[in-house]
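here's my sequence, what's the structure:
(chains A and B)
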There are 2 protein chains.
Amino acid sequence: MSKGNEITRRGFMTRVGQGLVAANVTGMLLKDASAQLVVPEPPGKKLGWAIVGLGSLSIHQILPAFAQCEKSKVVALVSGHPDKAAKLALRYGVNQKNIYNYQNYDSLKDNPEVDIIYIVLPNGMHCEYTVRGLQAGKHVLSEKPMANTPAECQQMIDAGRKANRKLMVAYRCRYEPYNQEAIRVARSNELGKTKVILADAGFNMSDPNQWRLKKDLAGGGSLMDIGIYALQAARYLTGEEPAEVNAMMYSTPGDPRFKEVEEAINFQLRFPSGILANCTSSYGYAWQSHYRVVKSEGWLEMDPATAYSGLRMRVHQGNMIEEKDLPVVDHFAAEMEHMSGCVMENKEPLTPGEEGLRDLTIMKALYEAAKTGRTVKL
Amino acid sequence: MSKGNEITRRGFMTRVGQGLVAANVTGMLLKDASAQLVVPEPPGKKLGWAIVGLGSLSIHQILPAFAQCEKSKVVALVSGHPDKAAKLALRYGVNQKNIYNYQNYDSLKDNPEVDIIYIVLPNGMHCEYTVRGLQAGKHVLSEKPMANTPAECQQMIDAGRKANRKLMVAYRCRYEPYNQEAIRVARSNELGKTKVILADAGFNMSDPNQWRLKKDLAGGGSLMDIGIYALQAARYLTGEEPAEVNAMMYSTPGDPRFKEVEEAINFQLRFPSGILANCTSSYGYAWQSHYRVVKSEGWLEMDPATAYSGLRMRVHQGNMIEEKDLPVVDHFAAEMEHMSGCVMENKEPLTPGEEGLRDLTIMKALYEAAKTGRTVKL
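Okay, the predicted model is just below:
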């Protein structure tokens, strides 16, 4: 049935079933995995990584991602659960002597196998373990949000400078092709001039005992954990910093999940060029991972926009809708490879500590706008 | 290619090509137009309508829609262009003696063939011609927005009461099945509880000399003409009135289209139940006609949501996306039939003058919020 729109698909590469797509993040893409089998090199000049915090993200995303890396290998684990660490060490070929806990964490400084530390702890612990990691002479990749407050972010940045070590924030979407293509289109004259960004990120939090619902561990509610994706999208799609913000918050009265942190926050951003953004973030609604770049002559939509996999991009112009197929990469492998590359070549990461600080500063302004009912200028 | 979602289609009726779908707005729907040919009745007890203002909307939408009506027929035309009126009268079987202009408009009171007047003039003329129509003893359907200001709306409501005549605002989306089904789902427990409404309405205005860009004729910019769809959607999907609002406006500096009225306004609404809405409206971006009802367990999306035809509804739950096919009706026929029915049965229209006044009151608050940078309570 035609509704006045025709849909086309443009394949930038052949998608050979999601699992089979060769996602060699060093840049070489396989057009057809069955026709051309490339055997990855054994570990050569790879930098050694220590993973700090063995929760779901480490177990299900980060540790498996090393299989996709050419510059990065996991060589150490830091955990408060020795049994879990021992099991994962066996699975990923980590020497049992390289299992650390939070007491002997600082002795990482004596382990030359470790070049980079990846902080995958609750937000409220990022600052302390990043600073200690930098003081141990290691480079640090911290999960997002960078910390609970702008002041903590500044401490982390200062520690990196003092130690002369790299500090990067794990904004994985900046390192994968769909979001990179969306950025390119949004900032170009394709489809005209960008006028409005719509971005929505959230999910229905099922576990009322999650650390993400504790103020001291999470720093805040849905905004800190998931709304940050909508904020990031508005910023990276425009390439600008917001000049002023509005916000409205909501938490369901009596809901045991939202005793300490907000359920939802809807926010608006005004960018210097005149682009306006409307964003939502919630721990109370069904999973949303969406943005739409509305330009003067057409629009680009990503839905899902920031999921670990299965991203979809549609471009609308006139009566045509085009779905773009782009290379599928492992986001975590891509960000870790970027970090290793920056260390190897002594380059500044694309998303350094300063980038995390900017988000925390804006999020603080969003909370202030919501609380005061006033537009907050930045 | 599967992206983790499966798409199904549920046909509430067989769509036999859009042109063939039998859209009998009296309620009888043909499952298969080719199998069962129903010959419409000749004009019997139909109410007589006068169309005031013969612009694009009257010519391309309203006059053709009478062919779909069982209770409504066009019997008079009011225009400042006698040639255009004469030509249209011939086409639609209107007696040439029933062509009026703006000077002799009040003499409609002496024409018993006319029961209902449909005001299709620029916004700034709605109040005067509605009041004069009511004073002529006719019932009045006014296009949206109802008028330029809440004060004008109140004058129109008062005139209707004094004359004991019906007054309705032409919110056509309330009378067609897609939006009605969206309302049903949004206000039900299907997909859980409604948490957030996203709504976007606008287009790139091509003609800088359009009356919609003149403050006195239009009352305001994109919000008055097209943003009102987003505001209406947020209100009818929740069935609530907003308690407070935020807004940000923007007009491209130096753009000749936006000397008198705003280009764009992004706005936020908070409803008493806790539902938050994020809406956008623009005369500067590519055509948007979209809303998403985000509930706790899934979401419903309409895109386009408020176009004259070709509406699409998708319902997301878990990993499933369902596209719903509903009966396609002519929106203008549906609203006119509702009005005629209300007059025949002496019932209050679903969208009376008071509904138009509510939108104007909220829009005034939105402009105030944008100008002051403060949350405005209603």
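
tell me where the stretch 1-150 of chain A has helices.
With helices called from DSSP state H, counting those that start in this stretch, the stretch 1-150 of chain A shows them at A:56-57, A:63-65, A:82-92, A:123-135, A:150-163.

kindly present those as CSV, with separate columns for mean neighbour count, mean pLDDT and distance to chain B.
In this view, the C-beta of every residue, glycine as well, is placed from N, C-alpha and C. Formatted as CSV, the helices of the stretch 1-150 of chain A follow (neighbours: other C-beta atoms under 10 Å in any protein chain shown; pLDDT from 0 to 100; distance: least, C-beta to the nearest C-beta, whole Å):
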stretch, mean neighbour count, mean pLDDT, distance to chain B
helix A:56-57, 12, 98, 19
helix A:63-65, 20, 98, 18
helix A:82-92, 15, 98, 26
helix A:123-135, 22, 98, 24
helix A:150-163, 18, 98, 23
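
mind putting those helices into a markdown table with distance to residue A:180?
Shown next, in a markdown table, are these (distance: least, C-beta to C-beta, whole Å):
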| stretch | distance to residue A:180 |
| --- | --- |
| helix A:56-57 | 22 |
| helix A:63-65 | 18 |
| helix A:82-92 | 29 |
| helix A:123-135 | 26 |
| helix A:150-163 | 25 |
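
between the ones you listed, which gets nearest to residue B:89?
The closest of these to residue B:89 is helix A:150-163. By C-beta to C-beta, the value is 69.8 Å.

from the chain's centroid, how far away is that closest one?
20 Å (C-alpha atoms, centre = their mean, to the nearest Å).

residues in contact with it?
A:126-127, A:130-131, A:134-135, A:137, A:140, A:142, A:146-147, A:166-167, A:353-354, A:356-357, A:360-361, A:364 (C-beta atoms under 8 Å, 6 or more residues apart in numbering or on different chains).

could you flag which of the residues you listed are buried?
Applying 16 or more other C-beta atoms under 10 Å in any protein chain shown to these, the neighbour count classes A:126-127, A:130-131, A:134, A:140, A:142, A:146-147, A:166-167, A:353, A:356-357, A:360, A:364 as buried.

need the max-distance pair from those.
A:166 and A:364 (25.4 Å).

what's the nearest residue to the residue most central in space within chain A if we skip its chain neighbours?
Closest residue to the average C-alpha location of chain A: residue A:171 at 3.1 Å, with C-alpha atoms, centre = their mean. Distances taken as C-beta to C-beta, 6 or more residues apart in numbering or on different chains put residue A:351 closest to residue A:171, at 4.4 Å, once the chain neighbours are dropped.

wait, what's in contact with that neighbour?
A:168-171, A:174.

pLDDT, distance to residue A:88 and secondary structure added to those, as TSV?
Shown next, in TSV, are the contacts of residue A:351 (pLDDT from 0 to 100; distance: C-beta to C-beta, whole Å; DSSP: H, G, I helix; E, B strand; the rest coil):
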residue	pLDDT	distance to residue A:88	secondary structure
A:168	98	23	strand
A:169	98	24	strand
A:170	98	19	coil
A:171	98	25	coil
A:174	98	27	helix
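
may I ask which of the residues you listed has the most neighbours?
In terms of neighbours by other C-beta atoms under 10 Å in any protein chain shown, the contacts of residue A:351 top out with residue A:169 at 32 neighbours.

surely it and residue A:352 touch.
Yes: counting by C-beta atoms under 8 Å, residue A:169 touches residue A:352, with 7.3 Å between them.

how near is residue A:363 to chain B?
17 Å (C-beta to the nearest C-beta, to the nearest Å).

residue A:55 too?
23 Å.

try residue A:280
Distance from residue A:280 to chain B, by C-beta to the nearest C-beta: 5 Å.

give me the nearest residue to the closest residue to chain B within the stretch 51-200 of chain A, chain neighbours excluded.
Closest approach of the stretch 51-200 of chain A to chain B (C-beta to the nearest C-beta) occurs at residue A:195, with a separation of 4.1 Å. What sits nearest to residue A:195 in space, not counting adjacent residues and going by C-beta to C-beta, 6+ apart, is residue B:285, at 4.1 Å.

now find how far off-centre stretch A:310-327 is within its chain.
Counting by C-alpha atoms, centre = their mean, stretch A:310-327 comes out at 23 Å from the chain centroid.

touching chain B at all, it?
Yes: contact between stretch A:310-327 and chain B, assessed by C-beta under 8 Å from any C-beta of the partner chain, occurs at A:310, A:312, A:316-317, A:325.

which of the residues you listed sits closest to chain B?
The nearest one, if we look at the residues of stretch A:310-327 next to chain B relative to chain B and count by C-beta to the nearest C-beta, is residue A:310, at 4.6 Å.

burial count for the closest one?
13.

residue A:55 now?
Neighbours around residue A:55, by other C-beta under 10 Å: 15.

check what pLDDT it gets.
We note a pLDDT of 97 for residue A:55 in this prediction.

so what does the strand or helix carrying residue A:196 touch, helix or strand wise?
Secondary structure assignment for residue A:196, by DSSP states H and E: strand A:194-202. When contacts are defined as 3 or more C-beta pairs under 8 Å, 6 or more residues apart in numbering or on different chains; DSSP states H and E, strand A:194-202 sits against helix A:177-187, helix A:228-238, strand A:276-282, strand A:288-295, strand B:194-202, strand B:264-270, strand B:276-282.

can I get those in JSON lines with distance to residue A:344 and mean neighbour count?
Shown next, in JSON lines, are those (distance: least, C-beta to C-beta, whole Å; neighbours: other C-beta atoms under 10 Å in any protein chain shown):
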{"stretch": "helix A:177-187", "distance to residue A:344": "21", "mean neighbour count": "19"}
{"stretch": "helix A:228-238", "distance to residue A:344": "25", "mean neighbour count": "25"}
{"stretch": "strand A:276-282", "distance to residue A:344": "36", "mean neighbour count": "28"}
{"stretch": "strand A:288-295", "distance to residue A:344": "32", "mean neighbour count": "27"}
{"stretch": "strand B:194-202", "distance to residue A:344": "44", "mean neighbour count": "27"}
{"stretch": "strand B:264-270", "distance to residue A:344": "44", "mean neighbour count": "28"}
{"stretch": "strand B:276-282", "distance to residue A:344": "43", "mean neighbour count": "28"}
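
residue A:258: which of these is closest?
strand A:276-282 (10.6 Å).

list the helices and strands the closest one packs on?
Partner elements for strand A:276-282 (3+ C-beta pairs under 8 Å, 6+ apart): strand A:194-202, helix A:228-238, strand A:264-270, strand B:194-202, strand B:264-270, strand B:276-282.
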